[in-house]
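Engineer: Return atomic coordinates for the entry below.
(one chain, ligands or ions: 3)
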Amino acid sequence: MMTVLECVRQQHDLGLVGLSAVICVLGCFVTVTLMALTQAVRGRSCAWELLSAAVVFGSSVWALHFVAMLAFLPGRATAYDLGFTASSIAIAIAGSHAAFALWRHRSGSPILLGCAGLMLGSAVAGMHYLGVAAMHASALIFFNPIYVGVSFLLSTTFATLALARARNLYGLARRAEVALWLALAICGLHFTGMTAVTLAPSNLPEGSNYVLGSSALALVVGLVSIAILIGGLAILLIQQYLSLRAVRELARMRLLSDLAHEVLFIHRAGTVLEVNSAGARMIGMPVQRLIGRNVLDLFAAHDAPALMRRMTCRSEDLLPQEFEVRTSGGGLVPVELSCRNIEFGGKPAIAVALRDLTERKRDEARIRHLALHDALTELPNRYLLGQRLAQAMDMAADGANSVAVVCLDLDRFKPVNDLHGHAAGDALLVQAAKRMLAELRPADTLARVGGDEFVAVLADASAPDQVSEIAGRLVAALSRPFRVEGHQIEISASAGVALYPADGRTGDTLLRAADTALYRVKDEGRGTVRFFEPAMDALIQARRQMEYELGLAVERSELQLFYQPLVNGCTGEIETFEALIRWHHPEHGLVSPAQFIPLAERSDLIVRIGAWVIDTACAAAAGWPRPWRVSINVSPSQLRQSDVPMAVAAALARHNLDAARLVVEITESVLIEDADAAVAVLTKLRGLGVRLALDDFGTGYSSLSYLQRFKFDKIKIDQTFVRRLGEHTDTLTIVRAIVNLGHNLGMQVTVEGVETVEQLAILRGLDCDQMQGYLFGRPAPALKVSDPERAQIRALFVAPLMRAVS
Ligand code: C2E
Ligand code: MG
Ligand code: MG
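Structural biologist: Ligands and ions are numbered 1, 2, ... in the order given. Alright, predicted model coming up:
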């Protein structure tokens, strides 16, 4: 060490040594700053920065060496071989470039780091000893191998240390430290290397291959080097400041774009330069892996042509367009792409925004589905039915085939809603839809077009037998008991069928024809299938017209009540008058209730008509000269659809009629459709003090069981029994049994339809409480109440009793 210091002090011009030291330190700092730049580079190679660092470092080593050599005072002027001098600078640059390149790519391996240090140290040493060798022409050069070894060791050690500490060069202190280690590597080698050298000057050579050393030359080289280095450093620092600002701006931009929900990325010529975290999330890949990829790789293959067209983002491409992004999992995400031309990193680039359309597409699909399907059963609705029917007809027209339209209506569905609630009704409809679907073929369509109305379109229905069989299966499927919320529910269904092209050539006419056939089935007693027949149409048209006119009848006062007497079964005394409705139709004259009451029952007209009957009958009875009872007929659908007890109570109060004078007649079908609800209404009526009669007894189903469900005040034996009295001998037995049963249950018994004295004679022996029939009086608008008329009726009962034959 002492020898080295003595060498510096005694054999060197200290001023020039100082200059060389400044060159060295400055050069090293500039080198380190360039090395720092290589660490800031992202997404591209840092070849230029590495080369610049090597050039600055190599030149600095060389400048230090040259100035320091000129500061060396061997006693006389020295000549430098230009070839050797040029080679020495070349080796310094090439060696340090290789070392920096290895350092940059060492990926944390200590062995590679050692190799890089060794290379850098060797570059410095190579430069130095080649530079020393450049003096060979003017001096004999002797090397002390120990100092040579030490110089090499010092150089590689400091170089390795410098590269090891150059891991993170963002801070100024770290850069200064690394610059110091590099300077030590250079100075350590140079001055130890100079101690190792002994020069024996010889004659100066002649020729142009040499340059003669002098202090002035050293000063010029040194100062020029320093000026270049300072200038370079200044440019570097300014550039670094600018790039730092750009990096910060980029970081700010990234932060903002990461906050966006939309995917944002920047590309140039199809290569991704930047992407936000929403993009990484959508594609399922880290940002680093996305940068540098081709834009086409991020989208579905079928989008490539459209993407290529938009790659340059011309003004006509500014409108958003839909594409599909390919995720790392292989899925496709629908997006809306918009782009803008921007400047990025000082060059033109394209910013792309992608809006995720997944949710919007899902909503759209849902809305589309809802627009075409019934929300409860998920079956096609009326609109989609129309489309499917049109398609089926198109196909049938091509292949001379047939299409069948089956209109289905659930019978007895309404009571399910009333009794078990709407949730149960809904559950039943869903089950019904499933059952029907199970009976259909894949090409067929089943739609729900109303509360309990369905339509099936049977494509390819060339054989009517097959259509009939399928429709029959549909009806049968709905007639099997349903299990809903723990209840067993039994309904049935009716179906009307129309065929294309025989029954109609458009969807509308076909549907109307099938509906007409259905209407007919319901008329005839439900639970079956009927094919459309042209005759049905006229009938149903007429009926619809009548329905319309009936709607106006109440306002136009075309309705009237006729009254028919019910007489005592023993004395013939009038006890009650039954109010029977008549319609004075402006064209058809007097229309029978048998014709229009069922019509009214199918719509809510029965409610209005029924209310009018209750009120009119009570008003009439209140004005009668004697306290005869008035009997009114209430139909089952009227009982279900309106609050009959309330209407009755209101009428009684309005006309101040004693409730005991009102009899409500009701047929047993009311107890078949929804017995519990009916019993509740009847109980309310009974609570008002009104009498209740079971009308048309014996025509219905298992009549006896209904008699036990509700205790009526009276049963009215249907007139068909009386008519058959003379024809069937067992009829009398049946009538007698009914009379006895009624009496045993505490009910009065009335016989309807007594027309002849013979019938009266037979019936008198049966102990009937009341009788009604043309024999005693026909229904008439005015009461037949004059004394002679009443006496005439009573006279019928004075005749001797005929012996009843059983
Ligand atoms: P219903 O309640 O059984 O009425 C008795 C029907 O038998 C009446 O027919 C009456 O004219 C008829 N009749 C009475 N005695 C004889 C007879 O000796 N021989 C024959 N052949 N017929 C006789 P109408 O008035 O045509 O009524 C028919 C049905 O229409 C009634 O049967 C009743 O169910 C219904 N109806 C009548 N008025 C009303 C009403 O205001 N409201 C409701 N909901 N239904 C009504
Ligand atoms: Mg009646
Ligand atoms: Mg009757």
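Engineer: Centroid-nearest residue for this structure?
Structural biologist: Arg362 (3.7 Å; Cα atoms, centre = their mean).
Engineer: From Gly330, how far out is that one?
Structural biologist: 20 Å (Cβ to Cβ, to the nearest Å). Where C-beta positions appear, they are placed from N, C-alpha and C, glycine not excepted.
Engineer: how about stretch 226-238 as CSV, C-alpha atoms only?
Structural biologist: Extracted C-alpha coordinates of stretch 226-238, given in CSV (Å, rounded to 0.1, in the frame of the first residue of the first chain):
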residue,chain,number,x,y,z
ILE,A,226,-14.8,16.3,-17.9
ALA,A,227,-16.7,18.8,-20.1
ILE,A,228,-18.3,15.9,-22.1
LEU,A,229,-19.1,14.1,-18.9
ILE,A,230,-20.7,17.1,-17.2
GLY,A,231,-22.7,17.8,-20.4
GLY,A,232,-23.8,14.2,-20.6
LEU,A,233,-24.6,14.1,-16.9
ALA,A,234,-26.7,17.2,-17.2
ILE,A,235,-28.7,15.8,-20.2
LEU,A,236,-29.1,12.5,-18.3
LEU,A,237,-30.4,14.2,-15.2
ILE,A,238,-32.9,16.3,-17.3
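Engineer: So which bits of it are buried?
Structural biologist: Buried positions in stretch 226-238, judged by neighbour count with 16 or more other Cβ atoms under 10 Å: Ile226, Ile228, Leu229, Gly232, Leu233, Leu236.
Engineer: repeat for stretch 554-565
Structural biologist: Here stretch 554-565 shows Glu558, Leu559, Leu561, Phe562, Tyr563, Gln564, Pro565 as buried, counting by 16+ other Cβ under 10 Å.
Engineer: How about stretch 348-365?
Structural biologist: Those would be Ala349, Ile350, Ala351, Val352, Ala353, Leu354, Asp356, Leu357, for stretch 348-365 by 16+ other Cβ under 10 Å.
Engineer: ends of that stretch, how far apart?
Structural biologist: End-to-end distance for stretch 348-365, by Cα to Cα, to the nearest Å: 40 Å.
Engineer: Where does Leu233 fall, secondary structure wise?
Structural biologist: When elements are assigned from DSSP states H and E, Leu233 belongs to helix 215-259.
Engineer: Check which helices and strands that helix sits against.
Structural biologist: helix 14-40, helix 47-71, strand 271-275, helix 277-283 (3 or more Cβ pairs under 8 Å, 6 or more residues apart in numbering; DSSP states H and E).
Engineer: Which of the helices and strands in this protein ranks last by mean pLDDT?
Structural biologist: Within the chain, no helix or strand scores below helix 2-11, which has a mean of 61 by mean pLDDT, DSSP states H and E.
Engineer: Just list the residues touching Val333, thanks.
Structural biologist: Counting by Cβ atoms under 8 Å, 6 or more residues apart in numbering, Val333 makes contact with Met282, Glu324, Val325, Thr327, Asp356, Leu357, Thr358.
Engineer: let's see 10 Å
Structural biologist: Contact partners of Val333, counting by Cβ atoms under 10 Å, 6 or more residues apart in numbering, are 263, 282-284, 299-300, 323-327, 354, 356-358, 361.
Engineer: And the pLDDT at it?
Structural biologist: What the model reports for Val333 is a pLDDT of 94.
Engineer: what helix or strand does the closest residue to ligand 2 within the stretch 301-450 of the chain sit in?
Structural biologist: The nearest approach of the stretch 301-450 of the chain to ligand 2 comes at Pro415, 23.3 Å away (Cβ to the ion). Per DSSP H and E: Pro415 is located in helix 414-420.
Engineer: Alpha carbons of that helix, in CSV - could you do that?
Structural biologist: What follows is helix 414-420, C-alpha atoms only, in CSV (Å, rounded to 0.1, in the frame of the first residue of the first chain):
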residue,chain,number,x,y,z
LYS,A,414,-111.9,-21.1,-10.1
PRO,A,415,-113.1,-22.9,-6.9
VAL,A,416,-109.5,-24.0,-6.4
ASN,A,417,-108.4,-20.4,-6.2
ASP,A,418,-111.3,-19.4,-4.0
LEU,A,419,-111.0,-22.3,-1.6
HIS,A,420,-107.2,-23.0,-1.4
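Engineer: Packing partners of the helix or strand just after it?
Structural biologist: Heading C-terminal from helix 414-420, the first helix or strand you meet, by DSSP H and E, is helix 422-439. In this structure, helix 422-439 packs against strand 403-411, helix 414-420, strand 445-450, strand 453-458, helix 464-479, strand 482-484, strand 487-489, with contacts taken as 3 or more Cβ pairs under 10 Å, 6 or more residues apart in numbering; DSSP states H and E.
Engineer: Quick check: buried residues in helix 422-439?
Structural biologist: Using 16+ other Cβ under 10 Å as the test for burial, helix 422-439 gives Ala424, Gly425, Ala427, Leu428, Leu429, Gln431, Ala432, Ala433, Arg435, Met436, Glu439.
Engineer: Pull up the residues of this structure that are close to ligand 1.
Structural biologist: 564, 580-581, 592-594, 597, 613, 633-635, 665, 695-696, 719, 752-755, 772-774, 779 (Cβ under 6 Å from any ligand atom).
Engineer: okay, among the contacts of Val333, which ones form the most distant pair?
Structural biologist: The largest separation in the contacts of Val333, counting by Cβ to Cβ, is between Gly284 and Lys361 at 19.1 Å.
Engineer: Of all the residues in whichever helix or strand Ala791 is part of, which ones are buried?
Structural biologist: In the assignment (DSSP H and E), Ala791 maps to helix 787-796. Buried positions in helix 787-796, judged by neighbour count with 16+ other Cβ under 10 Å: Arg790, Ile793, Leu796.
Engineer: Against which helices or strands is the helix holding Pro415 packed?
Structural biologist: Secondary elements touching helix 414-420 (3+ Cβ pairs under 10 Å, 6+ apart): helix 422-439, strand 482-484, strand 487-489, helix 636-641, helix 669-673, helix 675-688.
Engineer: can you rerun that using 7 Å?
Structural biologist: Counting by 3 or more Cβ pairs under 7 Å, 6 or more residues apart in numbering; DSSP states H and E, the packing neighbours recorded for helix 414-420 are helix 422-439, helix 675-688.
Engineer: Next to ligand 3 in this structure, residues from the stretch 601-750 of the chain, please.
Structural biologist: Asp695, Asp696 (Cβ under 5 Å from the ion).
Engineer: Look up how far ligand 1 lies from Ala280.
Structural biologist: Using Cβ to the nearest ligand atom, to the nearest Å, Ala280 is found at 76 Å from ligand 1.
Engineer: thinking that residue is in contact with Gln288, fair?
Structural biologist: No - counting by Cβ atoms under 7 Å, Ala280 sits too far from Gln288 to count as a contact (9.1 Å).
Engineer: So for those two, which residue has more residues nearby?
Structural biologist: Ala280 (19 against 11; other Cβ atoms under 10 Å).
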